[in-house]
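1. could you work out the structure for the sequence below:
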Amino acid sequence: MPSGLYIAASGMDAALIRQDVIANNLANASTAGFKQNREVDEAFPTYLIARLHDQRINTLDGTAEIRPNIGIMGGGVIPQEVTTDYSQGSHEDTKNPLDFAVNGAGYFFTVLNPEGKTFLTRNGNFSLDGNGRLVTQDGLPVLGHNGEIYIDGNQVTVDAEGNISVDGKALDQLQVVQVQDPSQLTKVGHSLFSAAPGAKVDMAPDDIQVQQGTLEQSNVDSIREMVNMINTSRAYDLNSRVISSYDDLFYMAATEIGTLTPTTA
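-> Model prediction:
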């Protein structure tokens, strides 16, 4: 089977996965705190092609290799992994006192799921539930240094270090953590991340900058992603044409070349 078929098929497979990643990025272009993904391909080994049937030269020491190299042939690609870009998105003023953003990549708010597991998020679009508890839009409680945060009052203010005051009285401090190696985080949906066992997660230093009435937007560049989508679609189409060309050649070999009648002199 010609190797070109496998090379083209691997290119189509990689393009499909890349297209799914780009589509997910575009779907979350307006999701607060969303971090875009990138699909990374790995090339199969390349091969040095030589003319194997040329004769060798006999020498006193044996034989000498004189068969010339024809060139390099690639082996296609394989999707290696999907990585996450943790760069900070732009900030948008909302004037909502329960919206928060933290400056600097690697810093995250902490929330608690119903099973008691801690997750991290950059989406500071919080609100109050029926019990006055500060929660995410999915109802997960936001953690402070003293645990879950309950707000009973009218005026909520938060300073740059995340200290919360209600009606002028100190209440708690938002629990902001710093992840030393964001590559050890895993997306779990809804702009939430889970830290791998052994990941270094520390309390954020005192000089963090929490902004009240502000939300961090997605770091997706919609125009760039649309261009990537077009390029990926073209790559898929080109590889598909290669396979179609091979199919035409196989058809000719089976239906025409085999029926040729040798001419007589």
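2. can you name the residues that contact the spatially most central residue of the chain?
-> The chain has residue 37 as the residue nearest its centroid, 1.8 Å off, counting by C-alpha atoms, centre = their mean. Residues near residue 37 by C-beta atoms under 8 Å, 6 or more residues apart in numbering: 21, 24, 25, 82, 83, 84, 85. Yep, even glycine has a C-beta here, placed from its N, CA and C like the rest.
3. kindly recompute the last result at 7 Å.
-> 21, 24, 25, 82, 83, 84 (C-beta atoms under 7 Å, 6 or more residues apart in numbering).
4. please apply the same query to residue 125.
-> Taking C-beta under 7 Å, 6+ apart as the test, what residue 125 contacts is 32, 99, 137, 215.
5. same question for residue 81.
-> residue 40.
6. check the one 3 residues further on too.
-> Remark: with contacts taken as C-beta under 7 Å, 6+ apart, residue 84 is in contact with 35, 37, 187.
7. and if you look at residue 122?
-> Going by C-beta under 7 Å, 6+ apart, residue 122 touches 33, 108, 191, 216.
8. pretty sure residue 213 is touching residue 96, no?
-> Yes - here residue 213 reaches residue 96: they are 6.0 Å apart, a contact under C-beta atoms under 7 Å.
9. circling back: which of the contacts of residue 84 fall within strands?
-> 37, 187 (DSSP state E).
10. for the contacts of residue 84, give me JSON lines that also has pLDDT and distance to residue 161.
-> JSON lines is the format used below for the contacts of residue 84 (pLDDT from 0 to 100; distance: C-beta to C-beta, whole Å):
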{"residue": "35", "pLDDT": "96", "distance to residue 161": "24"}
{"residue": "37", "pLDDT": "96", "distance to residue 161": "32"}
{"residue": "187", "pLDDT": "94", "distance to residue 161": "28"}
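11. count of neighbours near residue 20?
-> When neighbours are defined as other C-beta atoms under 10 Å, residue 20 has 14 of them.
12. residue 158: which of the contacts of residue 84 is nearest?
-> residue 35 (23.2 Å; C-beta to C-beta).
13. if I look at that closest one, how far off is residue 18?
-> Residue 35 sits 17 Å away from residue 18, taking C-beta to C-beta, to the nearest Å as the criterion.
14. quick revisit: of the contacts of residue 37, keep whichever come out buried.
-> 21, 25, 84 (16 or more other C-beta atoms under 10 Å).
15. among those residues, which ones are in strands?
-> residue 84.
16. go through the buried ones among the contacts of residue 37 and say which is closest to residue 159.
-> residue 84 (30.0 Å).
17. for the closest residue to residue 204 other than its chain neighbours, what are its contacts?
-> Taking C-beta to C-beta, 6 or more residues apart in numbering, and ignoring the residues beside it in sequence, residue 204 has residue 176 as its nearest neighbour in space, at 4.2 Å. If a contact means C-beta under 7 Å, 6+ apart, then residue 176 has 102, 107, 108, 109, 162, 204, 208, 210 as its contacts.
18. what pLDDT does residue 176 get?
-> Per-residue pLDDT puts residue 176 at 95.
19. could you check how far it is from residue 208?
-> According to C-beta to C-beta, residue 176 and residue 208 sit 6 Å apart.
20. tell me where the stretch 151-265 of the chain has helices.
-> Using DSSP state H, counting those that start in this stretch, the helices assigned to the stretch 151-265 of the chain run over residues 222-255.
21. which residues of it score low on pLDDT?
-> Scanning the stretch 151-265 of the chain for pLDDT under 70 picks out the ranges 257-265.
22. okay, buried residues for stretch 192-211 please.
-> 192, 193, 194, 195, 201, 204, 208, 210, 211.
23. what lies in contact with it?
-> 91, 100-103, 107-108, 119-121, 158, 160-162, 174, 176-181, 184-188.
24. now those residues: which count as buried?
-> So, by 16+ other C-beta under 10 Å, the buried ones in these are 100-102, 107-108, 119-121, 158, 162, 174, 176-179, 184-185.
25. and the residues you listed, which of them are in strands?
-> Per DSSP E, the buried ones among the contacts of stretch 192-211 map to strands at 100-102, 107-108, 119-121, 158, 176-179, 185.
26. now those in JSON lines, with distance to residue 142?
-> Listed next are those as JSON lines, based on distance: C-beta to C-beta, whole Å:
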{"residue": "100", "distance to residue 142": "9"}
{"residue": "101", "distance to residue 142": "14"}
{"residue": "102", "distance to residue 142": "13"}
{"residue": "107", "distance to residue 142": "15"}
{"residue": "108", "distance to residue 142": "12"}
{"residue": "119", "distance to residue 142": "11"}
{"residue": "120", "distance to residue 142": "12"}
{"residue": "121", "distance to residue 142": "9"}
{"residue": "158", "distance to residue 142": "11"}
{"residue": "176", "distance to residue 142": "11"}
{"residue": "177", "distance to residue 142": "13"}
{"residue": "178", "distance to residue 142": "17"}
{"residue": "179", "distance to residue 142": "17"}
{"residue": "185", "distance to residue 142": "18"}
